[in-house]
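Asks: could you look at this predicted model? Sequence included:
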Amino acid sequence: MANVIIAAYNLKKYFPVGGFLFSSKQTIKAVDDVSIKIKENEVVGLVGETGCGKTTLGKLLIRLIEPTAGEIFFDVPEEIIVEYEEALKNKDTKKIEKISKRYSFLNKKGGELRRMRRYMNIVFQDPYSSLNPRMLVKDIIAEPIISTGYASKKEAEELVFKLLEEVGLTPEFAFRYPHELSGGQRQRVALARGISTLPKFLVLDEPTSALDVSIQAQILNLINEIRKKYSITILFISHNISVVHYMSDRIAVMYAGKIVEEGYKNSIIFDPKHPYSKALISSIPRPEPMREKIIINLQGEIPNLINPPKGCRFHPRCPVAFEECGWTADEVFQDIEYIIMRRYAEQFNGIKRIYIEDDFTISVEYEGKNLIEEKLKEVLNKEKQELRSLISIKNIKSESTKIKIELYKFVEPEMYKSKDGINVRCLLYREKK
Amino acid sequence: MSEILTINNLKVWFHTRRGTFKALNGVNLNLRKGEVLGLAGESGSGKSTLGLSIMALLPSNAIIVRGSKIILKNRDYLKYFELFPEEKIDRKFKIKKNQKIMKHIRDFLAKIRGKEVSMVFQEPMTALNPLLQIGYQITEALLAHSSINLAKRILSRINLTEDDVREILKIVKSSKNVEKDLNEFSKLKKLDGIEDQVLYILNRKDLSTIRKERMIYSLKEKMKNPLTMSYLKKIAENKSIGIYRFLNRIPILKRYLKGVLIKEGYRKAIELLAMLNIPHAEKVVYMYPHELSGGMRQRVSIAIALANNPDIIILDEPTSALDVIVQYQILQLISELKYKLNISFIFISHDLSVLAEVCDRIAIMYGGRIVEIGPIDKIFYESLHPYTKGLLRAIPKISKDIKTIESIPGTVPDMRNPPNGCMFHPRCPYVMDVCRNKVPKSIEYSKDHFVECFLYGE
Amino acid sequence: MSKNIGLIGRRNYLLKQNPRIEELKISFKIFFTNPTAVAGFVITLLYFIDIILVQFFPSFIGISDPNRYIYNFNNPVPLPPSSSHWCGTTAGGIDLCDAIIKSIRIDLIYSLFIVIVGAIIGLLLGLVSGYLGGIFDEILMRITDIFFSIPYLVLAIAILFVLGVSLENIAFSLIIVWWPLYARYARAQTLSIKQMTFIESAKASGTRDLMIMFKHIVPNVLPPIFVQISLDLGTVVGVFATLAFIGFSPTANIPELGYLTSLGLNYISIAPWSVIIPGLVITVFALAVNLMGDGLRDVIDPKRRSV
């Protein structure tokens, strides 16, 4: 059986922010509970909007930054991965510990880790800042060879010329500084550096976003060529979905620090399951004017990852969200306040105040003996179409001078398997009991 | 369709330490009223320089070569200046003198800029001032060119009578074409500016009808003090404001004079932002740029560009820094504005897919020339120039059977030392002998579809 | 196969041009097209020529004893500039021209020593604290805060009171006062370079921290530090002379600009040149070095290089 190059389980990366004197320390949950598995010779594309954590995930996988929690295996036989997954499912802590102890990539330290770095590398987006401006191209390319101990200094010199040829540059480029090269040439140098130690696993972080279309095509084809020649496994990170579709075998869609959908590329592009992927893929600009478009327009903004929405992180923007998707009292409170105090202010004269009682209850206090309860029910029902949060209202109860609005409790979505092999993190695809 | 902007043989070069950088080498272009013209090309093709030349925002080392024409609304504004002829731009070129000419051009066009042509840049964070409120930045643009309109808006509210309001409500309730009728009404009653305000209230989605009517009633304002009134009247009639310029320097009086206009500017800003689908516009005007997301900031930049009702808006890669979903929203907004306001847009982008979503016509630029220009479907489905074909083949397309993309061999030419003849010949697969020596002329291959290539024509 | 191409390509290329020399050429070109920088450079050069002449060929410029002033007690009152004394004389009948030429050497050499040693200490500490961060960084920054909170002249005088009066002690006290400046500067530079992706890229390819610091960060931090040194040199010469002027110069016989200026102090009302001329020599040097430093700043500015 083929090896699994990268297998990560429940990976988390929380970046601390603030926390000065008396305020408590907060964290940005850049990557939260992500599992990903990449088999040998596979190209996995990772797409998502800015700030969704895709670059962080790429860096975590090669341990350029250390995860807050989780487990990573690097280049492990498939049997062991299967065994580990089974143990995870059965919560067999003893077995989990045993396997981690032996194979975990996170246990590698110091010299051992440095030697392992030979098998993995990363190519960054911006070819203008990813090459040291005060080093010659030959030193830039030779650096990983020497520091991982892949070859001696002397051999490295010769290897550099071979690598330059490999990426379509003439030998004299070895004696130039990065600023003398064009963007495409720089990215070729970065690529030569990336493959200089014949790695098994390469993370390409938006390798062509800074390049022109015609140069992008050159680089993409070059990557494909090199990959086939040296059988390199690739994680291709990009916000350009057309490019990802062109390059990869499987695609994972990330939203707000979580992978929301993952599967074979054509199933994802032509028949996305998750509402977010649907919106994302429908809004890709295509070089086909006059085509028929079915566009799903999303409202709202990408959530703040310090305090992400509860339940499914997409629910506040989701056009098909339902009552259990993760609504909490503060979200509903804002909408109810808006309705009562602004939109229908003239109908609700007697209302004294609205407040959050607990996570799933909102109270409305009123004066006099108006028929506010009926009116409120009617208005809330009417506005359900536009303000999705109102669907999470379970019932409205009257208590003397108070109306209690109770909400449904939310369910945290897990990865569910859909029919055509796509894993989706959406309650719509949860197996019915 | 009428042409609003014509560019003839525009040559813009840059003087640098390592030689003359020939960014534009004879661009011919026309822009029609109410269309979106896409300007596509790779970096170094001169597409941004073209946008900056129209705006006259070129840096001081730029040289506009004699013979270039930029005709905006039938006025050739370069003809007033003594430009350098091509043959004089060599080693002994007088940089200082040219800088003076460029400064004159910039100063001269500062009056036009923003009023007739305005521009939206790629990075909205740097285009907006981080220290000023959004509303103030829009107001600033308004005060620069259309303080008359602001004054008229205030006066129209003051002059509004009870009967007028009743009539407006009647129009609102019964008329089929509210916008047109309101316009006629305001002209008849000399209440310029009231129609915008009524329409804004009507178009708000977050209010009930009763509320809207109440708001229209409350449009009527009390008379202001005599000083303010006479100031506003002077501005509204476009008379010289003489002594008020001095009074505006006195802090307390300023509140009653300029302050009134600024307040009105904020009101207008809210209307503009609401037109661009910004939720809670009345809160957004008091925010600072860093409080908004990238897409919102770009909307604000568009609002500033729209503030003075320009004829042309140049969009320089307005969506390149944005994510796909937000990008789509902005593109949708631009199409909407095109129909609503009858403005012409020049949309500069390196991404043909983005242009495909919004443009009516597309011009493909290479080496400082427009090599092909035509209606969008012609460019995408019947492209002629080898470069256009190459570009289209280099874009990965989403389809079930993946076709390998083909790149164009070679790199963009060094514009300090451009190749002879056709700029594209070193990379062209169909290169012929003529291409190496002669610059191809523009040929109208089919209606409205021009190409500069020797493969076509006789 | 690749071996041959590589060697031939390399040799041919090296024969044509060396990239490092090309870089230097551009730097020179930028520097020498800036007239004020060139003026500053020429004046600075004159001062340094003076040092070399006094140190190695004193007789060449007619100086008999470079290490002490020559008194003329026949005429102890300062004389105005004349054909025999170009700059006039100061108290004790010392010829000002002769004295200034001798004094420049001591001032400049000590000042150079101060900035270079200060810069090395500051660079190393700033580099390590900027790169490693954490508690070490915190401690270093608080130490520099303490140094910055006390006016540097007052601090230097306090140190000199403890150590006693000598030129070496002046230098030592100034190094103590000066290094925090460089530490702060080097730290700031390190922090900004640490953010660049090529550092991350080096980490990803398994480069050790020490190598990253010295191969990636130091070459990028050094140029701005050099500029800072050249800008500081003028100030340090001034401060050094000031300390000597207010009486921390040990014996009367060491030729030093500050001490020389103080000699004329008693005669300032009748012989202003005896104070003005030595003072001017210090000021002109400070100005020249500053102009040169501004020119150097342009040289390392990537924006200027690319045009």
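Replies: Everything's here; your move.
Asks: which single residue in the stretch 51-200 of chain B comes nearest to chain C?
Replies: Nearest residue of the stretch 51-200 of chain B to chain C: residue B:61, at 8.2 Å (CB to the nearest CB). (Each C-beta comes from the backbone N, C-alpha and C, glycine too.)
Asks: what sits against the nearest residue to residue C:196 once chain neighbours are set aside?
Replies: Once flanking residues are discounted, residue C:196 sits nearest to residue A:129: 5.0 Å by CB to CB, 6 or more residues apart in numbering or on different chains. By CB atoms under 8 Å, 6 or more residues apart in numbering or on different chains, the contact list for residue A:129 reads C:196, C:197, C:198.
Asks: same thing with residue B:145?
Replies: B:114, B:115, B:307, B:308 are the contacts of residue B:145 under CB under 8 Å, 6+ apart.
Asks: which SSE is the residue of the stretch 151-300 of chain C found nearest chain B in?
Replies: In the stretch 151-300 of chain C, no residue comes nearer to chain B than residue C:298, which is 12.6 Å away by CB to the nearest CB. Per DSSP states H and E, residue C:298 falls inside helix C:273-300.
Asks: packing partners of that helix?
Replies: Applying 3 or more CB pairs under 8 Å, 6 or more residues apart in numbering or on different chains; DSSP states H and E, one finds that helix C:273-300 makes contact with helix C:19-32, helix C:35-56, strand C:89-90, helix C:96-132, helix C:218-243, helix C:257-263.
Asks: now render these as TSV, adding distance to residue A:113.
Replies: As requested, those are exported to TSV (distance: least, CB to CB, whole Å):
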stretch	distance to residue A:113
helix C:19-32	34
helix C:35-56	48
strand C:89-90	69
helix C:96-132	19
helix C:218-243	24
helix C:257-263	57
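Asks: surely residue B:356 touches residue A:287?
Replies: Yes. In this structure, residue B:356 is within contact of residue A:287 by CB atoms under 8 Å, at 5.1 Å.
Asks: what sits in contact with each of those two?
Replies: residue B:380.
Asks: let me know whether the helix or strand hosting residue B:357 sits next to chain A.
Replies: Taking DSSP H and E as the criterion, residue B:357 maps to helix B:352-358. Yes. Applying CB under 8 Å from any CB of the partner chain, one finds helix B:352-358 in contact with chain A at B:352, B:353, B:354, B:356, B:357.
Asks: show me what that helix is packed against.
Replies: Looks like helix B:352-358 contacts strand B:36-40, helix B:324-341, strand B:344-349, helix B:376-381 (3+ CB pairs under 8 Å, 6+ apart).
Asks: rerun that using 6 Å as the cut-off
Replies: Helix B:352-358 sits against strand B:36-40, helix B:324-341, with contacts defined as 3 or more CB pairs under 6 Å, 6 or more residues apart in numbering or on different chains; DSSP states H and E.
Asks: if we can go back for a sec, how about the residue of the stretch 51-200 of chain B closest to chain C, nearest residue that isn't a chain neighbour?
Replies: That would be residue B:15: by CB to CB, 6+ apart, it lies 4.7 Å from residue B:61.
Asks: can you pull the buried residues of the host helix or strand of the one you found?
Replies: According to DSSP H and E, residue B:15 maps onto strand B:3-16. For strand B:3-16, a neighbour-count test (16 or more other CB atoms under 10 Å in any protein chain shown) marks B:4, B:5, B:6, B:7, B:8, B:10, B:11, B:12, B:13, B:14, B:15 as buried.
Asks: the first one contacts residue B:344, doesn't it?
Replies: Read it as residue B:4. Yes. If you go by CB atoms under 6 Å, residue B:4 and residue B:344 touch, sitting 5.5 Å apart.
Asks: quick check: neighbours shared by those two?
Replies: B:31, B:33 (CB atoms under 6 Å, 6 or more residues apart in numbering or on different chains).
Asks: check the gap between residue B:318 and chain C for me.
Replies: Counting by CB to the nearest CB, to the nearest Å, the gap from residue B:318 to chain C is 25 Å.
Asks: could you do residue A:186 as well?
Replies: From residue A:186 to chain C the distance is 11 Å (CB to the nearest CB).
Asks: which element is the closest residue to that residue other than its chain neighbours on?
Replies: Take residue A:186 and drop its neighbours on the chain: the residue closest to it by CB to CB, 6+ apart is residue A:127, 3.5 Å away. Under DSSP H and E, no helix or strand contains residue A:127.
Asks: correct me, but residue A:127 touches residue A:187?
Replies: Yes. The pair residue A:127 and residue A:187 passes the contact test of CB under 6 Å, sitting 4.5 Å apart.
Asks: more crowded one of these two?
Replies: Between residue A:127 and residue A:187, counted using other CB atoms under 10 Å in any protein chain shown, the more crowded position is residue A:187 (30 against 26).
Asks: tell me which residues touch the more buried one, please.
Replies: Residue A:187 neighbours (CB under 6 Å, 6+ apart): A:127, A:219.
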